[in-house]
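Colleague: structure for the following, please:
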Amino acid sequence: MDSRADYRELVASRPELFSNPPGAAFEILLDEDEIKQAETVMETTLADAGGSPEWARVGVAFRDQYVMIVRDAVRYVDGSLGTYIRMVDLYPGVVGVAILPICRDEVLLIRHFRHATRTWHLEIPRGFGMSADSAVSARNELREELGGEAVDLESLGDMYPDAGASRSRVALFLARLETYGAPEAREGITEIRSIPVADFERMIADGVLDDAFALAVYARAKARGLL
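Modeller: Predicted structure coming up:
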């Protein structure tokens, strides 16, 4: 992989990723001389800390079928130069989805094993999203993770799960189901729990529920008087 060539191709094909709105705290530098100056500054900083000079290289740092990570040269508000790393969405127009499922006035939570944390979490259904129509993606996730069909699906708007590292958005939904079945085995879901709303809110208050997507979609639904 030619990191810089891939980066230049990305700049050309998706210029919106490299915009500098007025007052931006981190100005992306695309002039090659300025990029090299920023790399030199970072090489010195990294050397003092025992880091690798490769960590200063501007370009596409990593890419696979799920994630792209780029390292930009930036000018900070005080005029100093450096580099800043971020994740880039691979499929413009396709957003992730997170769904709060309600069945017979109870919240459905899934016990899900997560590779990153190496443990189980109680979560709501969510996924990368495979359609430009977020509602289609949401219904697909409900089938895969709950074995159920939404009889009513209400959009609660979008959110940025981690604006400090990624521009990826997630569409939030409240889904009402009449029945549910079993998740697909390969999803890593071991159990579906039906929780009364009052108990669900108590789990939030007590810190038992640590799924950020569940907290976000609950806040939207509660604020709109849907729970």
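
Colleague: list the buried residues of the longest helix anywhere in the chain.
Modeller: When the chain is scanned for its longest helix (criterion: DSSP state H), the result is helix 32-48. By neighbour count on 16 or more other CB atoms under 10 Å, the buried set for helix 32-48 is 34-35, 38-39, 41-43, 46. C-betas here are computed from N, CA, C, even on glycine.

Colleague: could these be laid out in TSV, adding distance to Asp210 and pLDDT?
Modeller: Supplementary listing: the buried residues of helix 32-48 in TSV, determined by distance: CB to CB, whole Å; pLDDT from 0 to 100:
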residue	distance to Asp210	pLDDT
Glu34	42	98
Ile35	40	97
Ala38	37	98
Glu39	39	97
Val41	38	96
Met42	35	96
Glu43	39	96
Leu46	34	94
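
Colleague: from those, which is closest to Val58?
Modeller: Here the nearest of those to Val58, counting by CB to CB, is Ile35; it sits at 5.1 Å.

Colleague: could you find the closest non-adjacent residue to the closest one?
Modeller: With CB to CB, 6 or more residues apart in numbering as the measure, Ala73 is the residue that lies nearest to Ile35, at 4.3 Å, once sequence neighbours are left out.

Colleague: surely that neighbour is in contact with Glu39?
Modeller: Yes. In this structure, Ala73 is within contact of Glu39 by CB atoms under 8 Å, at 6.9 Å.

Colleague: what do the two both touch?
Modeller: Counting by CB atoms under 8 Å, 6 or more residues apart in numbering, the shared contacts of Ala73 and Glu39 are 58, 83.

Colleague: the residue lying closest to Ile195 once chain neighbours are set aside and Thr190: what is the separation?
Modeller: Nearest non-adjacent residue to Ile195, counting by CB to CB, 6+ apart: Val107, 4.8 Å away. When CB to CB, to the nearest Å is the yardstick, Val107 and Thr190 sit 18 Å from each other.

Colleague: swap in Ser168?
Modeller: Look at Ser168 and Thr190: by CB to CB, they are 27 Å apart.

Colleague: neighbour count: those two, which is higher?
Modeller: Shown here are Ser168 and Thr190; by other CB atoms under 10 Å, Ser168 has more neighbours (20 against 11).

Colleague: where does that one sit: helix, strand or coil?
Modeller: Remark: Ser168 carries the secondary structure label coil [criterion: DSSP: H, G, I helix; E, B strand; the rest coil].

Colleague: I'd say it and Arg86 touch.
Modeller: No. Using CB under 8 Å, Ser168 is not in contact with Arg86, being 10.3 Å away.

Colleague: where do the helices sit along this protein?
Modeller: In the chain, the segments counted as helices under DSSP H are 3-13, 32-48, 134-146, 197-205, 212-223.

Colleague: what would these look like in CSV with distance to Val58?
Modeller: Shown next, in CSV, are these (distance: least, CB to CB, whole Å):
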stretch, distance to Val58
helix 3-13, 7
helix 32-48, 5
helix 134-146, 33
helix 197-205, 42
helix 212-223, 31
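
Colleague: for stretch 171-184, which positions count as buried?
Modeller: Applying a neighbour-count criterion of 16+ other CB under 10 Å, one finds 171-177, 180, 183 buried in stretch 171-184.

Colleague: can you pull the phi/psi pair for the residue lying closest to Asp162 once chain neighbours are set aside?
Modeller: If you skip the residues right next to it in sequence, Asp162 has Ser168 as its closest partner in space, 7.9 Å away by CB to CB, 6+ apart. The phi and psi torsions at Ser168 (degrees, to the nearest 10) take the values phi -60, psi 140.
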